[in-house]
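# here are the coordinates; sequence isn't available:
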């Protein structure tokens with residue numbers, strides 16, 4: 001039987017896949033371990049290869065404010081996936097802060113098989129979680145952008161209390177981790193809508209995803 005190899009953009013590597021136990025993957029840990037294999041899950045592998053990215057505010061005191069109504073052209077956050085890139089959303093962290101929203105807060109997460117970005121918004125900072133990696137994100141994350149009209153598929157929806165006081169036991173989330181690996185082949189987008197009546201919710205936030213060149217994926 002022919003050997004399987006981890007595929008990279010420059011071609012097949014010299015590190016074969018363990019066909020009897022492909023997950024968790026095997027990672028070489030360096031000279032201190034004398035080359036002994038160390039077991040790690042697939043996120044470790046992607047992190048070592050520089051494929052994992054996180055977006056958030058660079059300033060500790062910055063926040064993003066949501067809307068007062070949910071309209072499909074005004075997402076709070078919009079991740080744009082360009083042609084030739086496949087993105088896999090990994091998590092969304094939202095925590096209320098600042099001014100209390102004007103009513104119960106609705107949060108909706110949606111994917112679409114088109115890049116819905118139209119105009120405007122703030123281009124948010126993105127960093128590679130392996131800080132020494134030279135891989136630069138191809139996907140762009142914006143807050144407050146205008147999107148093209150049209151609907152995709154809702155992945156998640158929640159209504160949460162409009163309070164920022166932990167003493168009262170309010171739920172400050174949501175914190176979303178996908179149940180499935182949603183493979184967004186570009187052009188595509190991930191839209192996150194948040195709203196509270198009369199006064200939009202204010203968030204501390206972070207969003208994580210993995211990126212691949214689509215041509216490197218099987219299928």
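Yep, it's here. All of these numbers come straight from a predicted model, not from anything done at the bench. Residues are numbered from 1 along each chain as shown.

# Show me what residue 212 is bridged to.
For residue 212, the beta-bridge partners are residue 86 (DSSP bridges).

# now it: how far from residue 81?
11 Å (C-beta to C-beta, to the nearest Å). Heads up, the C-betas are built off the backbone N, CA and C, glycines and all.

# Mutual contacts of those two, please.
residue 87 (C-beta atoms under 8 Å, 6 or more residues apart in numbering).

# So which of the two has more stuff around it?
Neighbours per residue (other C-beta atoms under 10 Å) separate residue 212 from residue 81, with residue 81 holding more: 28 against 19.

# out of everything not next to it in sequence, what's closest to residue 196?
residue 101 (3.0 Å; C-beta to C-beta, 6 or more residues apart in numbering).

# does that neighbour sit in a helix, a strand or a coil?
When the structure is reduced to helix, strand and coil (DSSP: H, G, I helix; E, B strand; the rest coil), residue 101 reads as coil.

# what number of residues lie near residue 68?
Burial of residue 68 is recorded as 17 neighbouring residues (other C-beta under 10 Å).

# Identify the residues contacting it.
With C-beta under 8 Å, 6+ apart, residue 68 has these contacts: 102, 195, 196, 197, 198, 199, 200.

# make it 6 Å
Residue 68 sits next to 195, 200 when contact means C-beta atoms under 6 Å, 6 or more residues apart in numbering.

# quick one: it from residue 148, how far?
The span separating residue 68 from residue 148 equals 21 Å under the rule C-beta to C-beta.

# now do residue 99
Distance check for residue 99 against residue 148: by C-beta to C-beta, it reads 30 Å.

# in this structure, which ranges drop under the pLDDT threshold?
For the chain, the stretches with pLDDT under 70 are 1-40, 165-173, 219.

# Now do the helices in the protein.
When secondary structure is read from DSSP state H, the chain shows helices at 42-48.

# Touching, residue 116 and residue 146? I think so.
No. With contact defined as C-beta atoms under 6 Å, residue 116 and residue 146 do not form a contacting pair (9.4 Å).

# Domain map for the chain?
Here the domain assignment for the chain is 5-40, 52-214, based on automatic domain parsing.

# For residue 46, find the nearest of the ones you listed.
domain 52-214 (5.3 Å; C-beta to C-beta).

# to the chain's geometric centre, what's the distance from that closest one?
8 Å (C-alpha atoms, centre = their mean, to the nearest Å).

# mind checking the end-to-end distance for that domain?
Across domain 52-214, the straight-line distance between its terminal residues is 15 Å, by C-alpha to C-alpha, to the nearest Å.

# For the nearest residue to residue 56 once chain neighbours are set aside, give me its contacts.
In space, and not counting its chain neighbours, residue 56 is closest to residue 206: 4.0 Å by C-beta to C-beta, 6+ apart. With contacts defined as C-beta under 6 Å, 6+ apart, residue 206 is in contact with 54, 56, 93.

# 10 Å - rerun?
When contacts are counted by C-beta atoms under 10 Å, 6 or more residues apart in numbering, residue 206 is found next to 54, 55, 56, 57, 91, 92, 93, 94, 95, 124, 175.

# With residue 57 instead?
Contacts of residue 57 were listed using C-beta under 10 Å, 6+ apart, and they are 63, 64, 122, 124, 125, 143, 203, 204, 205, 206.
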